[in-house]
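*Asks:* Give me a model of this one.
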Amino acid sequence: MPITPATAATSSSNGTSPAILLELVDEEGNTIGTAEKLAAHQAPGQLHRAFSVFLFDEQGRLLLQRRALGKYHSPSVWSNTCCGHPYPGEAPFAAAARRTYEELGVSPSLLAEAGTVRYNHPDPESGLVEQEYNHLFVGMVQAPLLPDPEEIGETAFVTPDELTELHGRATFSAWFMTVLDAARPAIRELTGPAGGW
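*Replies:* Predicted structure coming up:
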């Protein structure tokens, strides 16, 4: 049974927010334990399970999000449609669908696995480290977005050319290009060769 936020969390006696646990993995993606979310991201970082979602509209445009200003990690930067961490014991596919709905208010259509990628990306602004074994997913968005302002500052649907232009003038998450490049074969399968991805 997956560990939910309620069962994973332990409230501290001073009334602070409960701890969120991440699943630690080895280099092959096998679970080896858990760690508190912030601790797992502090240098040098602990390798943990994550996911990244890339959703497209009917015109083959990629949905990007600009992370909310209040985020403790990589605030106000552009990134892929959705990313996050499964709870310990939660399947990455289920976590990706859950978190997309929590952040954007939509359930992805035709969500499919797109492989995995392992990376180590320090964030120069915060000093935190993304040491992740990342499960990639691609799919469609076919309903109006209802973004959670606590999570998302802005959204945009972009073509490949528009992404190149935005990437040249705006700040993106440290992991964005790594996960995009790793997901490109599955993205091309979804959007077709004419999509330009």
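*Asks:* where does this protein have low pLDDT?
*Replies:* 1-17, 72-73 (pLDDT under 70).
*Asks:* Checking the residue positioned nearest the centre of it next. Helix, strand or coil?
*Replies:* Centroid check for the chain by Cα atoms, centre = their mean gives C83 as the closest residue, at 1.0 Å. Here C83 is recorded as strand under DSSP: H, G, I helix; E, B strand; the rest coil.
*Asks:* hang on, isn't it packed against F176?
*Replies:* No: C83 lies out of contact with F176 (Cβ atoms under 8 Å); the separation is 9.1 Å. In short, each C-beta sits where N, CA and C put it, glycine included.
*Asks:* ok now do the residue nearest to the centre of the chain, which residues does it touch?
*Replies:* Contact partners of C83, counting by Cβ atoms under 8 Å, 6 or more residues apart in numbering, are 50-53, 99, 134, 173, 175, 179.
*Asks:* and A174, which of the three is it?
*Replies:* Going by three-state DSSP: A174 is coil.
*Asks:* ranges for the strands of the chain?
*Replies:* 21-25, 31-36, 48-56, 62-67, 78-79, 82-84, 109-122, 129-140, 152-158 (DSSP state E).
*Asks:* Pick the most deeply packed of these.
*Replies:* Highest mean neighbour count among these (mean count of other Cβ atoms under 10 Å): strand 48-56, with a mean of 26.
*Asks:* Might you calculate how far that strand sits from the centre of the chain?
*Replies:* 4 Å (Cα atoms, centre = their mean, to the nearest Å).
*Asks:* same deal with stretch 106-121?
*Replies:* Taking Cα atoms, centre = their mean, the mean C-alpha location of stretch 106-121 is offset from the chain mean by 8 Å.
*Asks:* How about stretch 183-197?
*Replies:* 19 Å.
*Asks:* next one: stretch 118-138
*Replies:* With Cα atoms, centre = their mean, you get 10 Å for stretch 118-138.
*Asks:* In PDB, list the C-alpha atoms belonging to that stretch.
*Replies:* The C-alpha coordinates for stretch 118-138 follow below in PDB (Å, rounded to 0.1, in the frame of the first residue of the first chain):
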ATOM      1  CA  ARG A 118      19.300  10.000 -14.100                       C
ATOM      2  CA  TYR A 119      20.900  13.300 -13.400                       C
ATOM      3  CA  ASN A 120      22.700  15.500 -10.800                       C
ATOM      4  CA  HIS A 121      21.800  19.200 -11.200                       C
ATOM      5  CA  PRO A 122      22.800  21.700  -8.500                       C
ATOM      6  CA  ASP A 123      20.600  24.800  -8.400                       C
ATOM      7  CA  PRO A 124      22.900  27.800  -8.200                       C
ATOM      8  CA  GLU A 125      20.300  30.100  -6.700                       C
ATOM      9  CA  SER A 126      19.200  28.000  -3.700                       C
ATOM     10  CA  GLY A 127      22.200  25.700  -3.300                       C
ATOM     11  CA  LEU A 128      19.900  22.700  -3.400                       C
ATOM     12  CA  VAL A 129      20.700  19.700  -5.500                       C
ATOM     13  CA  GLU A 130      18.500  17.700  -7.900                       C
ATOM     14  CA  GLN A 131      20.000  14.200  -7.600                       C
ATOM     15  CA  GLU A 132      17.200  12.300  -9.300                       C
ATOM     16  CA  TYR A 133      16.200   9.000 -10.900                       C
ATOM     17  CA  ASN A 134      13.400  10.600 -13.000                       C
ATOM     18  CA  HIS A 135      10.500   8.700 -14.600                       C
ATOM     19  CA  LEU A 136       9.300  10.500 -17.800                       C
ATOM     20  CA  PHE A 137       5.700  10.700 -19.000                       C
ATOM     21  CA  VAL A 138       4.000  12.200 -22.100                       C
END
